[in-house]
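Chemist: Got a sequence here, can you build the structure:
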Amino acid sequence: MKGKRTAPQLASVPPYKKATNLVGCGQADLIGDAITDLHVVLRYCRGVIPEPYCRQLEAEAPKLKVALAAAAWPPGVWLQDSNISNLDLIAFPSGLGWSAQLHNVHLDRDVLAVIWYARDGDWDVWRVLPAISGPPDPENVSETADRIYQFRSHLKARQEHTCLADGKYRAEVYLNGQQVGESVTSLQAGPFAPSSFSDLNLAIRSPADWHSVQPSPPAALDLVRSNLAPGGQRGAMLFTYYNPQLESDETTEERFMRKSASYLLGETTPASPPETACAAYPKEPGVRYARYRHGNTAVLAKSWIADNGFAYVGLVFDHAVQADPVEEPSFTARMFENCNALVSITNMY
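Modeler: Have a look, this model is predicted:
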């Protein structure tokens, strides 16, 4: 006589339990696959697997995710008064950023990890973005007295230099093996496409109808490339400079930005702060921003000096800015595209 069929026990499901043993430290891609699979199972469990099992899996899912995160990024010692608050997210076509207030958290003592997700509309689940998930890179973190900022370039993190599509994105923050925060943000930027220039070690994500061109002299005397909108009234210019003295102070970065902007404007002087033109910039250590204006041409600029000593400058220009751009109906949309293109400019490796 056949016995009554019982639902399988959660402990008998191997993928998640075994993943915590098989995954080595820092293997975010494998952990990401396991967490994404878990989300798929949770979303489509009912109707395929007996209801008691689905309820048990839902109850255990948060613990499984914590265990998977701890397997990839072994936690430090948990302190009761360690925590974060006021988690904020920012999204660009080229990457995602987060900031939070820290409470008794020290990156040289504690293990802080962020798992980024993109909403998959076809499957109606959250999929992990492993390329930008994990502990903050100390070289890519800005800190104030009680707050931390980090921007992760998806354009740089992926070897194929892909970009983020419009949609919803989520971040989960883990501190010493415990989830301490999560938040969701949205990206609505329209069609953008990546371009990369290996000889400059630079990449950009610009509106999809912009195209790459080789600038004419005198700009061609330097390492420079351009991405231009149809008609050439807007575009981006990317520069790589040899910096033999290995200078890396703010004055040096400003000098390289002015030199680059002079190709478009002649003699340049900084205009108002960039925050008046763009809604937000990610806080990236060592990266400076500026804005220049001459006649109807406005230029947004960013500059940084890499560890190899090379200086990098990115410009996004608009030759058709009216004297009072606020009165120009298309200015806001163009500026939104210009700012997203500027933020995206990054090293390829």
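Chemist: Let me know the secondary structure of Gly309.
Modeler: Of the three states, Gly309 takes coil under DSSP: H, G, I helix; E, B strand; the rest coil.
Chemist: these two touch, right, Val184 and Glu172?
Modeler: No - contact criterion C-beta atoms under 8 Å: Val184 and Glu172 do not qualify, at 10.3 Å. Every C-beta, even on glycine, is put in place using the N, C-alpha and C of the backbone.
Chemist: out of these two, which sits in the more crowded spot?
Modeler: Per other C-beta atoms under 10 Å, whichever of Val184 and Glu172 has more neighbours is Glu172, with 22 against 12.
Chemist: Need the pLDDT of that one.
Modeler: Looking at Glu172, its pLDDT is 96.
Chemist: how about it, what does it touch?
Modeler: When contacts are counted by C-beta atoms under 8 Å, 6 or more residues apart in numbering, Glu172 touches 65, 114-115, 117, 179, 181-182.
Chemist: out of those, who has the most neighbours?
Modeler: Within those, most neighbours by other C-beta under 10 Å means Ile115, with 27 neighbours.
Chemist: and it, how far is that from Trp126?
Modeler: 10 Å (C-beta to C-beta, to the nearest Å).
Chemist: What of Asn83?
Modeler: The gap separating Asn83 from Trp126 is 24 Å, by C-beta to C-beta.
Chemist: Now find how far off-centre stretch 144-157 is within its chain.
Modeler: 8 Å (C-alpha atoms, centre = their mean, to the nearest Å).
Chemist: With just CA atoms, put that stretch into CSV.
Modeler: The C-alpha trace of stretch 144-157 is given here as CSV (Å, rounded to 0.1, in the frame of the first residue of the first chain):
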residue,chain,number,x,y,z
THR,A,144,32.7,61.9,5.0
ALA,A,145,32.6,61.9,8.8
ASP,A,146,29.5,59.6,8.9
ARG,A,147,28.6,58.7,5.3
ILE,A,148,30.0,56.5,2.6
TYR,A,149,29.5,57.0,-1.2
GLN,A,150,30.3,54.5,-3.9
PHE,A,151,29.6,54.5,-7.7
ARG,A,152,30.1,51.2,-9.7
SER,A,153,30.6,51.6,-13.4
HIS,A,154,28.8,48.8,-15.2
LEU,A,155,30.4,50.0,-18.4
LYS,A,156,33.8,49.4,-17.0
ALA,A,157,33.0,46.3,-14.9
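Chemist: If we go by neighbour counts, what in that stretch is buried?
Modeler: Residues of stretch 144-157 classed as buried: 147-157 (neighbour count, 16 or more other C-beta atoms under 10 Å).
Chemist: before we move on, what about stretch 115-133?
Modeler: Buried, per 16+ other C-beta under 10 Å, within stretch 115-133: 115-118, 120, 125-133.
Chemist: Nearest to Asn140 among those residues?
Modeler: Lowest distance from Asn140 to the buried residues of stretch 115-133 (C-beta to C-beta) belongs to Ile132, with 10.4 Å.
Chemist: Now do stretch 62-77, average pLDDT.
Modeler: Summarised as a single mean, pLDDT over stretch 62-77 is 85.
Chemist: what distance separates it from the centre of its chain?
Modeler: Relative to the centre of its chain, stretch 62-77 is centred 23 Å away, using C-alpha atoms, centre = their mean.
Chemist: coming back round to it: which of the contacts of Glu172 fall in helices?
Modeler: Among the contacts of Glu172, the ones falling in helices (DSSP state H) are Lys65.
Chemist: Which one of the contacts of Glu172 is nearest to Leu164?
Modeler: Minimum distance to Leu164 across the contacts of Glu172 is 11.8 Å, recorded for Tyr117 (C-beta to C-beta).
Chemist: And the closest one, what's its pLDDT?
Modeler: 97.
Chemist: Please report the distance of the residue positioned nearest the centre of the chain from Ala189.
Modeler: Nearest residue to the geometric centre of the chain (C-alpha atoms, centre = their mean): Gly95, 2.3 Å. Distance of Gly95 to Ala189, computed by C-beta to C-beta: 12 Å.
Chemist: what about Pro285, which SS state?
Modeler: Pro285 carries the three-state label coil when classified by three-state DSSP.
Chemist: Quick one, grab the pLDDT at the residue nearest to it when sequence neighbours are not counted.
Modeler: Counting by C-beta to C-beta, 6 or more residues apart in numbering, Pro285 lies nearest to Ser142, which is 5.5 Å off, once chain neighbours are set aside. Looking at Ser142, its pLDDT is 87.
Chemist: likewise Gly177?
Modeler: Gly177 is assigned 86 on the pLDDT scale.
Chemist: if we can go back for a sec, if we take the buried residues of stretch 115-133, which one ends up nearest to His319?
Modeler: Checking these against His319 by C-beta to C-beta gives Ile132 as the nearest, at 34.4 Å.
Chemist: I'd say the closest one and Leu96 touch.
Modeler: Yes - using C-beta under 8 Å, Ile132 makes contact with Leu96 at a distance of 6.4 Å.
Chemist: Common neighbours of these two, please.
Modeler: Counting by C-beta under 8 Å, 6+ apart, the residues touching both Ile132 and Leu96 are 116, 152, 154.
Chemist: Now do the contacts for the first one.
Modeler: Going back to what we said before, that points to Trp116. Listed by C-beta under 8 Å, 6+ apart, the contact set of Trp116 reads 96, 128-129, 132-133, 152, 169-171.
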